[in-house]
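Visitor: The following comprises the amino acid sequence and a computationally predicted model.
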Amino acid sequence: MVQWLDRVQQRSRAVGFAIAVVYKYIDDQGGYLAALITYYAFVSLFPLLLLLTTTLGVVLAGHPDLQRQVLDTALSQLPVIGDQLGEPQQLSGGTVAVVVGIAGALYGGLGVGVAVQNAMDTVWAVPKHRRPDPIRGRIRSLVLLLVLGTAALATTALSAVGQSADFLGWWGRAGFVVAAVVINAGICLVAFRVTTTRKLTVRQLLPGAAVAAVVWQLLQWFGAGYVAHSVSTASAVNAVFAVVLGLLAFLFLVSITLVMCAEINAVAVDRLYPRALLTVFTDDVELTPADRRTYARKAKAEQAKGFERIHVSYDEEAAEKP
């Protein structure tokens, strides 16, 4: 039965591709890569909110309604936070808040950038000697934060317009959703291209970026409902933990989506499919050409120096050579 299923999935291009993406995610330890991104995103989120609310209190002093609208629009991009963290008085502050916010946001933001770069280079099997050093990696992270932050502001503004565009009816709101998905796809495209040292074209990265944008939109819709249900059914004390855990779960889902969509691009570009059905479970398996390419790339990615050479062979190949 297993052999029959293996033949079926290898003959089906769609099924074989889907299984190869999952297996590539497992081979690259995608869960750990996503967890590292989640950690730094969580660390940077609250300082960013602190900095945002303090800045709004200074720039929009005397306009509390406008402050509330801008904050609600920004928080709508992270529906897990919702109204629980949306009260400006809970996150406001003075000079100390600005200093702490900037320091915390830079630490977490640069950490997110480095974690994403490490994840993308792992996905694309970039040799270690070709990856950015710690200084260049953080400089690239800072540039990435500036570019993606500007794009995120555009998405936030578009969401604000969409939320107030009830007069346009169903078609108008649908148009704003499509525009938001397109902008998010562009953000993911830039992130995929900038965070790896491998030279890749827009066409090669577009499938994963499009999937990531659609999944992000779905997470915004259904994430809000999930947290609203969790918080409403929790007690006053447990609600605090429910929001924190819900936020971590949401960020982890976003990180998994980012890594998984990068795997989609890598499997498609490097033709890493179909894989043997039991290849991640046992050595007693006949490797496919895609299996051999995947394992060889993973081994060669450990090349720490440019003058180091790594050669990969398998037992049956070695036995054939004199």
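Guide: Looks like it arrived, so ask away.
Visitor: List the backbone torsions phi and psi for Ala191.
Guide: Backbone geometry at Ala191, expressed as degrees, to the nearest 10, gives phi -60, psi -40.
Visitor: ok, it to Thr288 distance?
Guide: 31 Å (C-beta to C-beta, to the nearest Å). In this view, the C-beta of every residue, glycine as well, is placed from N, C-alpha and C.
Visitor: And those two? Which one has more around it.
Guide: Ala191 (23 against 20; other C-beta atoms under 10 Å).
Visitor: the helices in the protein, which residues?
Guide: Taking DSSP state H, the helices of the chain run over residues 2-11, 13-27, 30-59, 64-75, 88-91, 95-123, 134-163, 169-194, 202-232, 236-269, 289-300, 315-320.
Visitor: Just give me the lowest mean pLDDT stretch among those.
Guide: If the helices of the chain are sorted by mean pLDDT, helix 88-91 sits at the bottom with a mean of 46.
Visitor: Could you report the distance from the residue lying closest to Ser255 once chain neighbours are set aside to Cys261?
Guide: Leaving aside its sequence neighbours, Ser255 sits nearest to Ala34 (C-beta to C-beta, 6 or more residues apart in numbering; 3.7 Å). The gap separating Ala34 from Cys261 is 11 Å, by C-beta to C-beta.
Visitor: was I right about Gly137 contacting Gln117?
Guide: Yes: counting by C-beta atoms under 8 Å, Gly137 touches Gln117, with 5.8 Å between them.
Visitor: Pull up the overlap in contacts between these two.
Guide: Arg131 (C-beta atoms under 8 Å, 6 or more residues apart in numbering).
Visitor: These two: who's more crowded?
Guide: Applying other C-beta under 10 Å to Gly137 and Gln117 shows that Gln117 carries more neighbours, namely 24 against 18.
Visitor: measure Phe42 to Val254 for me?
Guide: In terms of C-beta to C-beta, Phe42 sits 11 Å off from Val254.
Visitor: more neighbours, those two?
Guide: Val254 (20 against 17).
Visitor: List the residues that contact that one.
Guide: Contact analysis of Val254 by C-beta under 8 Å, 6+ apart lists Thr38, Ala41, Trp216, Leu219.
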